[in-house]
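Engineer: structure for the following, please:
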Amino acid sequence: MAEKQTPIFIVSAGRSGSTFLAKVISDHPALVCISDLFEPVGPTPYFDIKDEVTGCEFFRDILAVASTKPRLRYWRERDTKERLFVPEDENLISLFLSYTVPFVDQDVMGVYEECKAYFENRSPKTPADHFTDFCEWMKERYNGELWVERTGGSLPHTGKIINTWPNAKIIHSYRDGRECSISMHKYPFFRMYLKMEENPNLDEWDFDEMPPIEDIGRMWNNWVLHAQEAMKSLPDDQKRWISYENLMQNPEHELEKLIKYIMDKDGLSEQDHQWIERNVELVKPSTPKFKDLSFDEQSRLQAACAEGLKALNYK
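Structural biologist: Here you go, the predicted model:
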C-alpha cells in the first residue's frame, strides 16, 4: 500500500446537507467517500479503544460488528429507508454493511468478503490505525486519489477525531440550528440519540415518542459548541466550514472551494469543472420550517439553539 494520505473528515450534526455532500463527493472520480461508520452517541471503538487488536478482531468486532441494540430493534420492527442494504443474516446488520458499502457499491456482500479477507491476517494495531488502513483499502479498491470520511451525526466526536488524527483536515458541514433541529425531531434515530445521551445503555424505547423540540435544539447546540471548541486547536489550513444555506444558494462557488480544499490545489481541472456542472443541477433547497412553528415553539427552540447559532454566525 502506498504512503497514507492526510485523513479528511466531514463532521456534521446530521440533517444538515452532509448526505448530499457525500453523494457529490462520491461522484468525483478522484474521491472515495467513506460514509456513516460512527455512531453519534455512545462508545466509538475507533477512538475509544487504545489497545492493539488483530486485523481479524478489528473487522469482526469493530468494523462489521452488529449495530447497536436500539437501532437494530427499530430496524426489525419498522420499514425504513435508513438502511441501504439488509443482509439475510440479521447478525450481519451493521453500519458497514447497511450504509458504508452500499453507498459506493451494489455488490455489498462481495465487498464484505474482500474486506474480510484483507484484514484476516493483518498485524495487531490500534483500531484507529486499522481504520485508516480500511479507508486506504477503500480508496484503492475504487481507484480514488483521496478518501473522505463523512458520518451524519459525527459532530459530537469532533474532539476525539482531532485527538486521534491531529494532522487531519476537518470540514464542518452545518445548517441553521433551528431548521436542523426541526428536521432531526422528525427522525426516530435522532430522538433515540437524545435518549442515549441520558442512558448510553438504552435498549427499549418508544419509537413514536416526541420530545419537546427544544430538547433536540439543546442537543444540536451542545454538539456545535463542542465541535467549535475542539476545532480551535487546529491551524487554519486544517479546518473549513460549509453551510447548507450557502451550498444551496451558490453551489458552484461552494463546490469549487470544497474541491480545492480537499485536493489541496489552487485551480480546477476539466474533470473538476464537469463534476461541478453535474452536481449543481442536483441542488434542491428545502423549504424553511421554523416560521411554521407556533410562537411558543419558536421562542423555546430559539433559546435552546442560541449559543450554537451565534457561534456559526446566524442571527
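Engineer: look up the closest residue to E149, ignoring the ones flanking it.
Structural biologist: I34 (4.4 Å; CB to CB, 6 or more residues apart in numbering). C-beta: built from backbone N, CA, C; applies to glycine.
Engineer: what about the one you found, how many residues nearby?
Structural biologist: Residues lying near I34 (other CB atoms under 10 Å) number 23.
Engineer: in a helix, that's where it is, yeah?
Structural biologist: No: counting by DSSP: H, G, I helix; E, B strand; the rest coil, I34 is not part of a helix but strand.
Engineer: so it sits against T100, correct?
Structural biologist: Yes: under the contact definition of CB atoms under 8 Å, I34 touches T100, with a separation of 6.4 Å.
Engineer: might you report the residue contacts of the closest residue to Q298 other than its chain neighbours?
Structural biologist: Closest residue to Q298 apart from its sequence neighbours, by CB to CB, 6+ apart: F290 at 6.5 Å. Counting by CB atoms under 8 Å, 6 or more residues apart in numbering, F290 touches 176, 178-179, 182, 298, 301.
Engineer: tell me the one of these nearest R218?
Structural biologist: L301 (9.5 Å; CB to CB).
Engineer: can you tell me the SS state at the nearest residue to the closest one once chain neighbours are set aside?
Structural biologist: Closest residue to L301 in three dimensions, ignoring its sequence neighbours and counting by CB to CB, 6+ apart: G217, at 4.8 Å. What three-state DSSP gives for G217 is helix.
Engineer: show me which pair in the contacts of F290 is furthest apart.
Structural biologist: Across the contacts of F290 (CB to CB), the longest gap, 12.9 Å, separates D176 and Q298.
Engineer: where's stretch 45-62 relative to the chain centroid, distance-wise?
Structural biologist: 20 Å (CA atoms, centre = their mean, to the nearest Å).
Engineer: stretch 195-205 too?
Structural biologist: 21 Å.
Engineer: how near is Y99 to H273?
Structural biologist: 30 Å (CB to CB, to the nearest Å).
Engineer: who has more neighbours, the two?
Structural biologist: Between Y99 and H273, Y99 has the larger neighbour count (other CB under 10 Å), namely 19 against 13.
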